[in-house]
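Visitor: need a 3D model of the following:
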Amino acid sequence: MKKFIAGKYINQGTYKRFQPEKINREWHIENMELLNLLSQADRELGRLDMYSEYIPNIDLFISMHVLKEASQSSKIEGTKTNIEEALLEKNDINEEKRDDWEEVQNYVSALNMAIDSLAKLTFSTRLIKESHKILLKGVRGKHKLPGEFRKSQNWIGGATINDATFVPPVENSVNDYMSDLENFAHNTEYYFPDLLKIALIHYQFETIHPFLDGNGRVGRLMITLYLVEKGILKKPILYLSDFFERNRTLYYDNLTRVREKNDLTQWFKFFLVGVIETAKGSIKTFDGILKLQKEVDVKIQKLGSRSNNAQLIISNLFQKPILGAQKAREITKLSLPSVYKLIDDLEKLEILKEVTGAKRGKYYLFSDYIKLFK
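Guide: Next up, the predicted model:
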């Protein structure tokens, strides 16, 4: 990669736009430090993937991983909805925060749709467009061509294009660049390690910036989709947005460094460190889940004859750790007085915590579980 050229800036008079080089070609890795990080990342991903096979009902927990990813990925774009708020219903969110809430819900829907679609669709521009369409449905970017590549010049940072921090390639080249990106994703003629491949795809996607809005969220969503489609992960349990959010300045600096200094190696290192740290963190979260399950099982045995109904509620809480009396009634088929008694018991056992402070329509959080994802 010593001879790597990211692209060139083209002077447009009052601003310069960047036209990247295409990526569907043969690549060679010579940096030993990078190869060492790649080896570590592969090992940690293998551990995480194997670990996931031994977690009972892992699909219950994936919804919380997705919700965390949605909250963190949207946070990078300035959305201020946390996990607890994302769990609430729309009517329970303050009106001034509903746009943020809806953006997070759309991300959850887009990611779930995309993962389900991998059964019949490959990682492709079609899937990327369909994800984008859901992402922008009914929210602030709904007028910015949801599900369609841009037909005009966009830019990043700055009040106008003239003081922008970055101007992506001209609009009439977007389809060509995205076709090249898709071909690279499925190129079997030249071997390139999958983790470096998706790191390069993510960089190139963010550089092309093919949509008028939502590029960052779609670009981060693509990482998980690629890992699942290639069979590197059997389940969608690795999300890098939390790492990118915690290292936001480095994230943007390293993307910029590729374009300005042709330093792709530094971006690869940053990406691989993210994979290593995130995989380790996910394993720690799963350990915490298993420990919490055992602790909760011991607690609810104290409820005697009510423990079976308590277990039904707990199983539901591991999927969505917020509960109201009506939902508890649906789960258990008990009368409302019996439901309130059971909820009261779970509060006394410090499994549930009432968070609304309301006299009616109370919500209860499985807060120890939520803490594992924060």
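
Visitor: for the most centrally placed residue in the chain, give me its contacts.
Guide: The structure's the chain has its C-alpha centroid closest to Glu69; by C-alpha atoms, centre = their mean the separation is 3.5 Å. By C-beta atoms under 8 Å, 6 or more residues apart in numbering, the contact list for Glu69 reads Tyr107, Leu111, Arg220, Thr224, Tyr239, Ser241, Asp242. All C-beta spots, glycine's among them, are computed from the backbone N, C-alpha and C.

Visitor: dump those to CSV, plus distance to Leu127, secondary structure and pLDDT.
Guide: Converted to CSV, the contacts of Glu69 look like this (distance: C-beta to C-beta, whole Å; DSSP: H, G, I helix; E, B strand; the rest coil; pLDDT from 0 to 100):
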residue, distance to Leu127, secondary structure, pLDDT
Tyr107, 15, helix, 90
Leu111, 12, helix, 91
Arg220, 15, helix, 94
Thr224, 12, helix, 94
Tyr239, 17, coil, 93
Ser241, 19, helix, 93
Asp242, 23, helix, 93
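
Visitor: who wins on neighbours among those residues?
Guide: With neighbours taken as other C-beta atoms under 10 Å, the top of the contacts of Glu69 is Tyr107, carrying 31 neighbours.

Visitor: any idea how far that residue lies from Gln12?
Guide: 33 Å (C-beta to C-beta, to the nearest Å).

Visitor: and the strand or helix carrying Arg17, what's its mean pLDDT?
Guide: Arg17 belongs to strand 16-20 when assigned by DSSP states H and E. In this model, strand 16-20 has an average pLDDT of 97.

Visitor: what lines up beside that strand in the sheet?
Guide: Under the criterion DSSP bridges, strand 16-20 sits next to strand 7-11 (antiparallel) in its sheet.

Visitor: okay, the strand it pairs with in CSV with CA atoms only?
Guide: Output of strand 7-11 as CSV, limited to C-alpha atoms (Å, rounded to 0.1, in the frame of the first residue of the first chain):
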residue,chain,number,x,y,z
GLY,A,7,-7.5,10.4,-5.3
LYS,A,8,-7.1,14.1,-6.2
TYR,A,9,-8.7,17.4,-5.3
ILE,A,10,-10.1,19.3,-8.3
ASN,A,11,-10.3,23.1,-8.1
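
Visitor: going forward, count from 509.
Guide: In the new count, where the first residue is 509, that last one comes out as strand 515-519.

Visitor: gap between it and the chain center?
Guide: On the basis of C-alpha atoms, centre = their mean, to the nearest Å, strand 515-519 sits 32 Å off its chain's mean C-alpha point.

Visitor: can you list contacts of that strand?
Guide: Contact with strand 515-519 is made by Lys524, Arg525, Phe526, Gln527, Pro528, Glu529, Thr715, Arg767, as judged by C-beta under 8 Å, 6+ apart.

Visitor: can you tell me how far the residue nearest to the centre of the chain sits from His694?
Guide: Taking C-beta to C-beta, one finds Glu577 at 25 Å from His694.

Visitor: do the same with Glu538
Guide: 25 Å.

Visitor: ok, these two, which is more surrounded?
Guide: His694 (12 against 9).

Visitor: now the closest residue to the more buried one other than its chain neighbours: phi and psi?
Guide: On the basis of C-beta to C-beta, 6 or more residues apart in numbering, the spatially nearest residue to His694 that is not a chain neighbour turns out to be Thr630, at 6.9 Å. When read as degrees, to the nearest 10, the backbone of Thr630 gives phi -80, psi 170.

Visitor: returning to that earlier point: residues in contact with the strand holding Arg525?
Guide: 514-518, 661, 674-678, 681, 685, 712, 715-716, 767.

Visitor: what's the answer for stretch 831-847, then?
Guide: In contact with stretch 831-847 (C-beta under 8 Å, 6+ apart) are residues 817, 820-821, 824-825, 848, 850-851, 860, 869-872, 874.

Visitor: how about the contacts of Glu577 in CSV, adding distance to Lys810?
Guide: Output for the contacts of Glu577, formatted as CSV (distance: C-beta to C-beta, whole Å):
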residue, distance to Lys810
Tyr615, 39
Leu619, 38
Arg728, 43
Thr732, 40
Tyr747, 36
Ser749, 39
Asp750, 36
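
Visitor: ok, back up a step: please pick the buried ones from the contacts of stretch 831-847.
Guide: Neighbour-count burial (16 or more other C-beta atoms under 10 Å) applied to the contacts of stretch 831-847 gives Asn817, Leu820, Ile821, Asn824, Leu825, Leu850, Ile851, Leu860, Tyr871, Tyr872, Phe874.

Visitor: from those residues, which land in helices?
Guide: Asn817, Leu820, Ile821, Asn824, Leu825, Leu850, Ile851 (DSSP state H).

Visitor: Leu860 is in contact with the last one, correct?
Guide: Yes. The criterion here is C-beta atoms under 8 Å, and Ile851 meets it with Leu860 at 6.4 Å.
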